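**Student:** Here's my sequence, what's the structure:
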Amino acid sequence: MSRLTQVMAAARRGAAWLLPAGRRDWAAAVWAEAHEVPPGLARLAWRAGGAWVLAREALLPRRLGRAALFAVAACFAAWAAWPRPWAGHVAEGRFNAIAPVLVVGVLPLLSRRFFGPASPGRAGRFLRVFCCGATLALLSTQTILLVFTMRTPTQPAYRSIFCDSQGGSPGCVGVVPGRSSGGPTWQGEILVLLLIIGYVGVTLFLTSRRSQVARSTLAIGTGIGLLFGGVMYAVDPLGLQKWATNPWLPGSKADPLVALAWILLFGGPAAAAVLAARRCRDPGGARPPHNIRIGQAIAAGVLANGTAALFTTALGTGTVMLTLRSPWLLHWLNHGQHLTAIATYRYQLSVGNGAGAYVLMLITFPVIGLIMSALAAGVANPAPSQSSRPPGNGGGPPGPGPKPEPGPPDGERAEADRVPAPALFSVPAPRSNSVLYSSNASFAP
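**Tutor:** Sure thing, here's the model as predicted:
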């Protein structure tokens, strides 16, 4: 086989891979029919026309556009997370820059292999894009904040503030001005990687066809999660510390939002579970069995709190990063109050250190959603009682019925048919057919 033939075969396989599964046979037929066309320009025109049809019908613009957009976002995230020459823990920093990007890029391919294609509907596609985009954005912003909070300033006045944030003068022993006093540790990087795998993996599974999560469940969980995330971001836009809560709503003005956030934290997944269990239907329009309704309810609750946590964390860390780079935002957050250079650095350093608490939100919110949705689903959808269940083998598919007893031979059956009915019921239950026939014979007229 010549090199040109090998290249053409590789191009054909690549084009077939880009096509949907239902159109790959059509592409193979178009390619095979090219040999029936006379060689030369005619065959070349045939293959060029087929390639053009493939480019228009094989979703090349959308798939290549998504791949190009993801590649740009992944490159930017890796570049932002790549450790600088003056940063500490270079090996851990490089792992932080490469491993999460690879996870976000490889997990969708593995999901198609193990979970099947994505479920149809806008809610599933939105969740996948939102989860991957928020994860990449979170990777970049967290790294920028870590670099800022760990780098020792060169000005002596700023250095004293930095040492106070590190725990006093012992925290500045051995530090070099202009260089990072620390960096990410292997424990922290592994925790971040596990969080990324968990969020991306669960999102890909819930939005796949194999999970059989209904479109209404995805829509309900996503809607309540975005509502809760917006309220939570308004409450804690700069971390979870009290002094950083609601810089634009000081004092008692934030109390209604705080109360609403607490209600949505526990009541949001419960409401999502109840609504998802009531709205889900099978393809025929009937209500699914009890265990399927419970599964839909738990998926909606976990999805609601998980979406809220990821939404709040991505927006919160992005806002904190903008306070380091945008003086106008810092001026607006403080209601136009004039801040000196030292006060500005103290504010930025405190905000950057407080943003790490968002990780607790990523861990605890889905667990709370799981517990509350399971409780709400159990209360709103009680298991059917034993008396209301149809006879069977414990609620499963009906088992085989009782095996019929063998009847008597034809000759004896005719004799038994002549026996009156009262005589049969007056005789005790026999142990064998022979006893039955002898007893019946004694009562025959």
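
**Student:** Next one: the residue nearest to residue 84 when sequence neighbours are not counted, what pLDDT does it get?
**Tutor:** Closest residue to residue 84 apart from its sequence neighbours, by C-beta to C-beta, 6 or more residues apart in numbering: residue 147 at 6.9 Å. Glycine gets a C-beta too; all of them are placed from N, C-alpha and C. You'll see residue 147 listed with a pLDDT of 78.

**Student:** now do residue 2
**Tutor:** 56.

**Student:** Quick one: neighbours of the residue nearest to residue 84, just the number.
**Tutor:** 22 (other C-beta atoms under 10 Å).

**Student:** Just to check, it is in contact with residue 82?
**Tutor:** No. Using C-beta atoms under 8 Å, residue 147 makes no contact with residue 82, being 10.5 Å away.

**Student:** what stretches of the stretch 1-150 of the chain score poorly on pLDDT?
**Tutor:** 1-24, 26-27, 51-65, 85-89 (pLDDT under 70).

**Student:** again, only this time at 90
**Tutor:** 1-125, 129, 132-133, 135-150 (pLDDT under 90).

**Student:** got the residue ranges for the helices in it?
**Tutor:** Counting by DSSP state H, counting those that start in this stretch, the stretch 1-150 of the chain has these helices, from start to end: 3-18, 24-32, 41-57, 60-81, 90-114, 122-150.

**Student:** phi, psi of residue 361?
**Tutor:** phi -70, psi -40 (degrees, to the nearest 10).

**Student:** Oops, could you answer that again for residue 151 instead?
**Tutor:** Dihedral angles for residue 151 - degrees, to the nearest 10 - are phi -90, psi 130.

**Student:** Surely it touches residue 177?
**Tutor:** No. Using C-beta under 8 Å, residue 151 makes no contact with residue 177, being 9.4 Å away.

**Student:** okay, these two: which has more neighbours?
**Tutor:** The neighbour comparison of residue 151 against residue 177 (other C-beta under 10 Å) goes to residue 151, with 20 against 13.

**Student:** what number of residues lie near the residue lying closest to the more buried one once chain neighbours are set aside?
**Tutor:** Counting by C-beta to C-beta, 6+ apart, residue 180 is the residue found nearest to residue 151 once chain neighbours are left out, at 5.1 Å. Here the number of neighbours of residue 180 (other C-beta under 10 Å) works out to 22.

**Student:** if I look at residue 180, how far off is residue 237?
**Tutor:** Distance, residue 180 to residue 237, by C-beta to C-beta, to the nearest Å: 26 Å.

**Student:** Can you show me the strands along the chain?
**Tutor:** Applying DSSP state E to the chain gives no strands.

**Student:** on that earlier part again, would you mind giving the helices of the stretch 1-150 of the chain as TSV with distance to residue 224 added?
**Tutor:** Shown next, in TSV, are these (distance: least, C-beta to C-beta, whole Å):
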stretch	distance to residue 224
helix 3-18	37
helix 24-32	39
helix 41-57	38
helix 60-81	27
helix 90-114	24
helix 122-150	12
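
**Student:** deepest of those, which one?
**Tutor:** Neighbour counts (mean count of other C-beta atoms under 10 Å) averaged over each of the helices of the stretch 1-150 of the chain peak at helix 122-150, with a mean of 21.

**Student:** Also compute the angle for it relative to helix 90-114, please.
**Tutor:** For helix 122-150 against helix 90-114, the angle by axes from the mean of the first three to the mean of the last three C-alpha atoms, to 10 degrees is 170 degrees.

**Student:** Quick check: which helices or strands does helix 122-150 pack against?
**Tutor:** helix 60-81, helix 90-114, helix 186-206, helix 215-235, helix 290-325, helix 341-354 (3 or more C-beta pairs under 8 Å, 6 or more residues apart in numbering; DSSP states H and E).

**Student:** what about these, which gets the closest to residue 131?
**Tutor:** Of all the helices and strands packed on helix 122-150, it is helix 186-206 that lies closest to residue 131, at 4.2 Å by C-beta to C-beta.

**Student:** Flag every buried residue along the closest one.
**Tutor:** Residues 188-189, 192-193, 195-196, 199-204, 206 are the ones in helix 186-206 that count as buried (16 or more other C-beta atoms under 10 Å).

**Student:** I'd like those laid out as TSV, including distance to residue 260 and pLDDT.
**Tutor:** Below are those laid out as TSV (distance: C-beta to C-beta, whole Å; pLDDT from 0 to 100):
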residue	distance to residue 260	pLDDT
188	32	74
189	35	77
192	30	82
193	33	85
195	26	89
196	29	89
199	24	93
200	29	92
201	31	92
202	26	93
203	26	93
204	31	92
206	26	92
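
**Student:** In TSV: the residues you listed, plus distance to residue 364.
**Tutor:** Below are the buried residues of helix 186-206 laid out as TSV (distance: C-beta to C-beta, whole Å):
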residue	distance to residue 364
188	17
189	20
192	16
193	19
195	12
196	17
199	14
200	19
201	19
202	15
203	18
204	22
206	20
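
**Student:** Identify all contacting residues around stretch 109-121.
**Tutor:** Contacts with stretch 109-121, where a contact means C-beta atoms under 8 Å, 6 or more residues apart in numbering, come from 124-125, 128, 201, 204-205, 207-211, 213, 215, 218-219.
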